[in-house]
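Q: sequence unknown, structure follows:
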(Lines give C-alpha, C1' and ligand atoms only; values in the text may rest on other atoms or scores of the structure.)
Protein backbone atom coordinates (compact mmCIF):
# COMPACT_ATOMS: atom_id res chain seq x y z
CA UNK A 1 0.00 0.00 0.00
CA UNK A 2 2.90 2.33 0.77
CA UNK A 3 4.36 1.71 -2.70
CA UNK A 4 0.99 2.43 -4.27
CA UNK A 5 0.68 5.70 -2.37
CA UNK A 6 4.17 6.78 -3.43
CA UNK A 7 3.52 5.92 -7.07
CA UNK A 8 0.22 7.83 -7.03
CA UNK A 9 1.96 10.85 -5.48
CA UNK A 10 4.67 10.78 -8.16
CA UNK A 11 2.08 10.53 -10.96
CA UNK A 12 0.13 13.43 -9.44
CA UNK A 13 3.23 15.64 -9.24
CA UNK A 14 4.17 14.80 -12.83
CA UNK A 15 0.66 15.66 -13.93
CA UNK A 16 0.74 19.08 -12.27
CA UNK A 17 3.93 19.99 -14.10
CA UNK A 18 1.83 20.36 -17.25
CA UNK A 19 -0.26 23.31 -16.12
CA UNK A 20 -1.91 23.69 -19.51
CA UNK A 21 -3.46 20.22 -19.31
CA UNK A 22 -4.35 20.62 -15.64
CA UNK A 23 -5.98 24.01 -16.20
CA UNK A 24 -7.94 22.53 -19.11
CA UNK A 25 -9.24 19.75 -16.90
CA UNK A 26 -10.05 22.07 -14.01
CA UNK A 27 -11.75 24.83 -15.98
CA UNK A 28 -13.37 23.00 -18.92
CA UNK A 29 -16.67 22.07 -17.23
CA UNK A 30 -17.18 25.50 -15.64
CA UNK A 31 -16.34 27.45 -18.81
CA UNK A 32 -18.42 25.18 -21.03
CA UNK A 33 -21.45 25.43 -18.77
CA UNK A 34 -21.28 29.23 -18.58
CA UNK A 35 -20.79 29.53 -22.36
CA UNK A 36 -23.79 27.29 -23.03
CA UNK A 37 -25.93 29.26 -20.58
CA UNK A 38 -25.18 32.69 -22.05
CA UNK A 39 -24.58 31.87 -25.71
CA UNK A 40 -27.86 30.11 -26.49
CA UNK A 41 -31.15 32.07 -26.29
CA UNK A 42 -33.63 30.54 -23.88
CA UNK A 43 -31.06 28.31 -22.21
CA UNK A 44 -31.80 29.98 -18.86
CA UNK A 45 -35.57 30.12 -19.30
CA UNK A 46 -37.93 27.56 -17.71
CA UNK A 47 -39.38 25.01 -20.14
CA UNK A 48 -42.79 23.45 -19.35
CA UNK A 49 -41.78 20.19 -21.05
CA UNK A 50 -38.91 19.92 -18.58
CA UNK A 51 -41.21 20.30 -15.60
CA UNK A 52 -40.32 23.95 -15.16
CA UNK A 53 -36.60 23.30 -15.24
CA UNK A 54 -34.29 25.22 -17.55
CA UNK A 55 -32.03 23.64 -20.18
CA UNK A 56 -29.00 24.82 -18.20
CA UNK A 57 -30.29 22.87 -15.20
CA UNK A 58 -30.69 19.66 -17.19
CA UNK A 59 -27.34 20.06 -18.95
CA UNK A 60 -25.28 20.55 -15.80
CA UNK A 61 -24.87 16.78 -15.12
CA UNK A 62 -24.21 16.18 -18.84
CA UNK A 63 -21.41 18.76 -18.84
CA UNK A 64 -19.89 16.95 -15.85
CA UNK A 65 -19.91 13.73 -17.89
CA UNK A 66 -18.24 15.56 -20.80
CA UNK A 67 -15.47 16.75 -18.49
CA UNK A 68 -14.93 13.18 -17.26
CA UNK A 69 -14.77 11.94 -20.85
CA UNK A 70 -12.23 14.55 -21.94
CA UNK A 71 -9.99 14.00 -18.90
CA UNK A 72 -10.52 10.30 -18.44
CA UNK A 73 -10.23 9.18 -22.04
CA UNK A 74 -8.05 11.76 -23.74
CA UNK A 75 -5.65 12.68 -20.93
CA UNK A 76 -5.01 9.19 -19.54
CA UNK A 77 -4.56 7.62 -22.96
CA UNK A 78 -2.18 10.38 -24.02
CA UNK A 79 -0.04 10.16 -20.87
CA UNK A 80 0.41 6.39 -21.03
CA UNK A 81 1.14 6.44 -24.78
CA UNK A 82 3.72 9.20 -24.23
CA UNK A 83 5.36 7.14 -21.49
CA UNK A 84 5.60 4.21 -23.91
CA UNK A 85 6.93 6.35 -26.79
CA UNK A 86 9.58 8.00 -24.59
CA UNK A 87 10.82 4.69 -23.17
CA UNK A 88 9.64 5.42 -19.62
CA UNK A 89 7.58 2.24 -19.52
CA UNK A 90 10.60 0.16 -20.51
CA UNK A 91 12.45 1.46 -17.47
CA UNK A 92 9.45 0.90 -15.21
CA UNK A 93 9.25 -2.67 -16.47
CA UNK A 94 12.43 -3.48 -14.53
CA UNK A 95 10.82 -2.35 -11.25
CA UNK A 96 8.19 -4.13 -9.10
CA UNK A 97 5.55 -1.58 -10.14
CA UNK A 98 3.52 -3.82 -12.47
CA UNK A 99 0.76 -2.78 -14.88
CA UNK A 100 -2.07 -2.84 -12.31
CA UNK A 101 -0.32 -0.43 -9.94
CA UNK A 102 0.76 1.92 -12.71
CA UNK A 103 -2.75 2.06 -14.20
CA UNK A 104 -4.36 2.53 -10.77
CA UNK A 105 -1.95 5.35 -9.91
CA UNK A 106 -2.66 7.12 -13.20
CA UNK A 107 -6.40 6.73 -12.65
CA UNK A 108 -6.20 8.21 -9.14
CA UNK A 109 -4.03 11.13 -10.28
CA UNK A 110 -6.45 12.05 -13.06
CA UNK A 111 -9.43 11.50 -10.75
CA UNK A 112 -8.09 14.26 -8.51
CA UNK A 113 -8.18 16.78 -11.38
CA UNK A 114 -11.62 15.59 -12.50
CA UNK A 115 -13.08 15.85 -9.00
CA UNK A 116 -11.77 19.38 -8.44
CA UNK A 117 -12.95 20.44 -11.91
CA UNK A 118 -16.41 19.00 -11.27
CA UNK A 119 -16.59 20.76 -7.90
CA UNK A 120 -15.76 24.10 -9.54
CA UNK A 121 -18.44 23.49 -12.16
CA UNK A 122 -21.05 22.73 -9.50
CA UNK A 123 -20.12 25.90 -7.61
CA UNK A 124 -20.40 27.93 -10.82
CA UNK A 125 -23.74 26.32 -11.65
CA UNK A 126 -25.21 27.07 -8.21
CA UNK A 127 -23.83 30.58 -7.77
CA UNK A 128 -23.52 32.10 -11.25
CA UNK A 129 -26.32 30.29 -13.11
CA UNK A 130 -28.75 29.69 -10.22
CA UNK A 131 -29.05 26.00 -11.06
CA UNK A 132 -31.30 24.17 -8.61
CA UNK A 133 -29.24 22.41 -5.90
CA UNK A 134 -29.04 18.60 -6.02
CA UNK A 135 -31.75 16.84 -4.04
CA UNK A 136 -29.30 14.02 -3.30
CA UNK A 137 -25.69 15.12 -2.98
CA UNK A 138 -24.69 11.54 -2.16
CA UNK A 139 -26.27 10.24 -5.35
CA UNK A 140 -24.55 12.89 -7.48
CA UNK A 141 -21.20 12.06 -5.86
CA UNK A 142 -21.71 8.34 -6.41
CA UNK A 143 -22.60 8.92 -10.06
CA UNK A 144 -19.62 11.22 -10.50
CA UNK A 145 -17.06 8.87 -8.98
CA UNK A 146 -18.37 5.70 -10.61
CA UNK A 147 -18.81 7.56 -13.90
CA UNK A 148 -15.23 8.77 -13.69
CA UNK A 149 -13.91 5.29 -12.92
CA UNK A 150 -15.80 3.66 -15.79
CA UNK A 151 -14.84 6.34 -18.33
CA UNK A 152 -11.25 6.43 -17.11
CA UNK A 153 -11.15 2.67 -17.62
CA UNK A 154 -11.72 3.25 -21.34
CA UNK A 155 -8.80 5.68 -21.36
CA UNK A 156 -6.66 3.08 -19.60
CA UNK A 157 -7.45 0.49 -22.28
CA UNK A 158 -6.49 2.92 -25.07
CA UNK A 159 -3.34 3.95 -23.22
CA UNK A 160 -2.43 0.35 -22.49
CA UNK A 161 -2.37 -0.54 -26.18
CA UNK A 162 -1.62 2.62 -28.19
CA UNK A 163 1.86 2.67 -29.69
CA UNK A 164 2.23 6.45 -29.77
CA UNK A 165 0.68 9.66 -28.50
CA UNK A 166 -0.81 10.49 -31.90
CA UNK A 167 -2.46 7.06 -32.14
CA UNK A 168 -3.85 7.39 -28.61
CA UNK A 169 -5.23 10.86 -29.34
CA UNK A 170 -6.82 9.71 -32.58
CA UNK A 171 -8.54 6.73 -30.94
CA UNK A 172 -9.65 8.86 -27.99
CA UNK A 173 -11.13 11.51 -30.32
CA UNK A 174 -13.18 8.90 -32.16
CA UNK A 175 -14.24 7.19 -28.91
CA UNK A 176 -15.59 10.15 -26.98
CA UNK A 177 -18.11 11.28 -29.63
CA UNK A 178 -20.50 8.28 -29.45
CA UNK A 179 -20.14 8.27 -25.65
CA UNK A 180 -21.32 11.88 -25.44
CA UNK A 181 -24.02 11.29 -28.06
CA UNK A 182 -25.48 8.58 -25.82
CA UNK A 183 -25.05 10.84 -22.78
CA UNK A 184 -27.42 13.38 -24.36
CA UNK A 185 -25.00 16.16 -25.26
CA UNK A 186 -26.50 16.89 -28.70
CA UNK A 187 -30.13 16.06 -27.90
CA UNK A 188 -31.81 14.90 -24.68
CA UNK A 189 -31.95 11.22 -23.80
CA UNK A 190 -35.73 11.53 -23.41
CA UNK A 191 -35.96 12.46 -27.12
CA UNK A 192 -33.98 9.42 -28.28
CA UNK A 193 -35.70 6.57 -30.15
CA UNK A 194 -36.49 3.62 -27.88
CA UNK A 195 -33.66 1.43 -29.20
CA UNK A 196 -31.10 4.22 -28.91
CA UNK A 197 -32.29 5.05 -25.39
CA UNK A 198 -31.83 1.42 -24.42
CA UNK A 199 -28.26 1.46 -25.72
CA UNK A 200 -27.72 4.74 -23.85
CA UNK A 201 -28.87 3.15 -20.59
CA UNK A 202 -26.09 0.56 -20.88
CA UNK A 203 -23.36 2.94 -22.00
CA UNK A 204 -20.99 4.66 -19.54
CA UNK A 205 -21.96 8.13 -20.78
CA UNK A 206 -25.70 7.48 -20.67
CA UNK A 207 -25.59 5.69 -17.33
CA UNK A 208 -23.42 8.44 -15.84
CA UNK A 209 -25.73 11.20 -17.03
CA UNK A 210 -28.81 9.28 -15.87
CA UNK A 211 -27.36 8.61 -12.42
CA UNK A 212 -26.47 12.23 -11.79
CA UNK A 213 -29.67 13.65 -13.31
CA UNK A 214 -31.91 11.40 -11.22
CA UNK A 215 -29.96 12.14 -8.06
CA UNK A 216 -29.88 15.86 -8.84
CA UNK A 217 -33.51 16.48 -9.77
CA UNK A 218 -35.43 13.57 -8.20
CA UNK A 219 -33.34 12.75 -5.15
CA UNK A 220 -33.11 9.13 -6.29
CA UNK A 221 -29.94 7.05 -6.28
CA UNK A 222 -30.46 4.89 -9.41
CA UNK A 223 -28.83 1.58 -8.55
CA UNK A 224 -29.25 0.22 -12.09
CA UNK A 225 -27.20 3.04 -13.65
CA UNK A 226 -24.61 2.82 -10.89
CA UNK A 227 -24.39 -0.92 -11.52
CA UNK A 228 -23.71 -0.32 -15.22
CA UNK A 229 -20.93 2.12 -14.32
CA UNK A 230 -19.38 -0.28 -11.81
CA UNK A 231 -19.45 -3.12 -14.36
CA UNK A 232 -17.77 -0.94 -16.99
CA UNK A 233 -15.09 0.08 -14.49
CA UNK A 234 -14.30 -3.54 -13.55
CA UNK A 235 -14.28 -4.81 -17.14
CA UNK A 236 -12.23 -2.00 -18.67
CA UNK A 237 -9.80 -1.95 -15.75
CA UNK A 238 -9.26 -5.70 -16.08
CA UNK A 239 -8.79 -5.50 -19.85
CA UNK A 240 -6.26 -2.68 -19.46
CA UNK A 241 -4.22 -4.62 -16.89
CA UNK A 242 -4.25 -7.84 -18.95
CA UNK A 243 -3.43 -6.26 -22.32
CA UNK A 244 -0.94 -3.65 -21.10
CA UNK A 245 2.12 -3.23 -23.35
CA UNK A 246 5.39 -1.93 -21.92
CA UNK A 247 6.77 -1.16 -25.40
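A: Ah, there it is. From a predicted model like this one, the values you see are computed outputs, not experimental measurements.

Q: so how many other residues sit close to residue 6?
A: 11 (other Cβ atoms under 10 Å). Bear in mind the C-beta positions are built from the backbone N, C-alpha and C, glycine included.

Q: What pLDDT is listed against it?
A: Residue 6 is assigned 77 on the pLDDT scale.

Q: Go through the helix or strand harbouring it and flag the buried ones.
A: Using DSSP states H and E, residue 6 maps to helix 2-15. Residues 7, 8, 11, 12, 15 are the ones in helix 2-15 that count as buried (16 or more other Cβ atoms under 10 Å).

Q: worst-scoring helix or strand of the chain, pLDDT-wise?
A: Comparing every helix and strand of the chain by mean pLDDT, DSSP states H and E singles out helix 2-15 as the least confident one, with a mean of 74.

Q: For that helix, which helices and strands make contact with it?
A: Helices and strands touching helix 2-15, as assessed by 3 or more Cβ pairs under 8 Å, 6 or more residues apart in numbering; DSSP states H and E, comprise helix 98-127.

Q: give me that answer again for 10 Å
A: Applying 3 or more Cβ pairs under 10 Å, 6 or more residues apart in numbering; DSSP states H and E, one finds that helix 2-15 contacts helix 19-39, helix 76-85, helix 98-127.

Q: contacting residues for the closest residue to residue 73 other than its chain neighbours?
A: Spatial nearest neighbour of residue 73, chain neighbours left out: residue 155 (4.2 Å); criterion: Cβ to Cβ, 6 or more residues apart in numbering. When contacts are counted by Cβ atoms under 10 Å, 6 or more residues apart in numbering, residue 155 touches 68-80, 103, 106-107, 110, 168, 171-172, 175-176, 236, 240.

Q: State the helix or strand in which the spatially most central residue of the chain lies.
A: Centroid-nearest residue in the chain: residue 68, 1.8 Å away (criterion: Cα atoms, centre = their mean). Per DSSP H and E, residue 68 falls inside helix 55-69.

Q: What residues sit buried inside that helix?
A: Buried-residue list, helix 55-69, by 16+ other Cβ under 10 Å: 55-69.

Q: between it and helix 98-127, how many degrees?
A: Using axes from the mean of the first three to the mean of the last three Cα atoms, to 10 degrees, the inter-axis angle of helix 55-69 relative to helix 98-127 is 160 degrees.

Q: Tell me the spacing between the closest residue to residue 46 other than its chain neighbours and residue 118.
A: Distances taken as Cβ to Cβ, 6+ apart place residue 52 nearest to residue 46, at 5.0 Å, with adjacent residues excluded. Distance, residue 52 to residue 118, by Cβ to Cβ, to the nearest Å: 25 Å.

Q: the more surrounded of those two?
A: In this view residue 52 and residue 118 are compared by other Cβ under 10 Å, and residue 118 has more residues nearby, 27 against 10.

Q: Return the residues in contact with the more buried one.
A: 25-26, 29-30, 63-65, 67-68, 71, 140-141, 144-145, 147-148, 212.

Q: For residue 229, see how far away it is.
A: Applying Cβ to Cβ, the value for residue 118 to residue 229 is 15 Å.

Q: Next, residue 135: phi, psi?
A: Dihedral angles phi and psi of residue 135 (degrees, to the nearest 10) take the values phi -80, psi -20.

Q: ok, residue 181 - how many residues close by?
A: Count around residue 181 with other Cβ under 10 Å applied: 18.

Q: Could you verify my assumption that it touches residue 203?
A: Yes. Counting by Cβ atoms under 10 Å, residue 203 is a contact partner of residue 181 at 9.2 Å.
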